[in-house]
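Student: Pasted the sequence and its predicted model underneath.
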Amino acid sequence: MLMTEPLVVSIPHRLGREEALRRIKSGFTGAHQHFAHLVTISEESWQDNRLTFRASALGQSASGLIDVQENCVVLNVQLTWLLARFANAATKLIQRQGTLMLEKK
């Protein structure tokens, strides 16, 4: 059994759940096209305001969820030990991209 480590990123917003959800849905689609050379999304399932997904990178699989709340978006991904080594850089990228999606326009 592979050891996993959680990567949790919380991104605050002032959009309300509906607008944040709309932006995250469209942004997630764009992000996995933009980062297709790094990450492959193999499963993606929205249920209300929660996205459950499976992804792979560097030959390793990870599962996670994105929970869109009234005043923040929380990403929780279970990473294998190898992917967890890249978590610090990934966290910064996720926060930057997520904040760009949620900024008032």
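Tutor: Thanks, I have it.
Student: Checking my notes, Leu75 in a strand, right?
Tutor: Yes: with DSSP: H, G, I helix; E, B strand; the rest coil as the criterion, Leu75 is part of a strand.
Student: Now for it, how many residues are close by?
Tutor: 21 (other CB atoms under 10 Å). For the C-beta atoms, the positions are set from N, CA and C on the backbone; glycine is no exception.
Student: quick one: it from Ala90, how far?
Tutor: Counting by CB to CB, to the nearest Å, the gap from Leu75 to Ala90 is 10 Å.
Student: try Cys72
Tutor: 18 Å.
Student: what does Val9 give?
Tutor: 9 Å.
Student: cool, Ser63 as well?
Tutor: Taking CB to CB, one finds Ser63 at 15 Å from Ala90.
Student: More neighbours: which of the two?
Tutor: Ala90 (20 against 15).
Student: What strands line up against the helix or strand hosting Ser10, and which way round?
Tutor: Taking DSSP states H and E as the definition, Ser10 sits inside strand 4-12. Here strand 4-12 is paired, per DSSP bridges, with strand 72-80 (antiparallel).
Student: Could you list every helix and strand that the helix or strand that the partner strand is followed by packs against?
Tutor: Note on strand 72-80: by DSSP H and E, the next helix or strand toward the C-terminus is helix 81-84. Other helices and strands packing on helix 81-84, by 3 or more CB pairs under 8 Å, 6 or more residues apart in numbering; DSSP states H and E, are strand 4-12, strand 60-68.
Student: export the helix or strand of the chain with the lowest mean pLDDT as CSV, just CAs?
Tutor: Of all the helices and strands that make up the chain, helix 81-84 has the lowest average by mean pLDDT, DSSP states H and E, namely a mean of 83. C-alpha atoms of helix 81-84 as CSV (Å, rounded to 0.1, in the frame of the first residue of the first chain):
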residue,chain,number,x,y,z
TRP,A,81,5.0,10.2,-1.3
LEU,A,82,6.7,11.2,-4.6
LEU,A,83,4.1,13.8,-5.5
ALA,A,84,4.1,15.2,-1.9
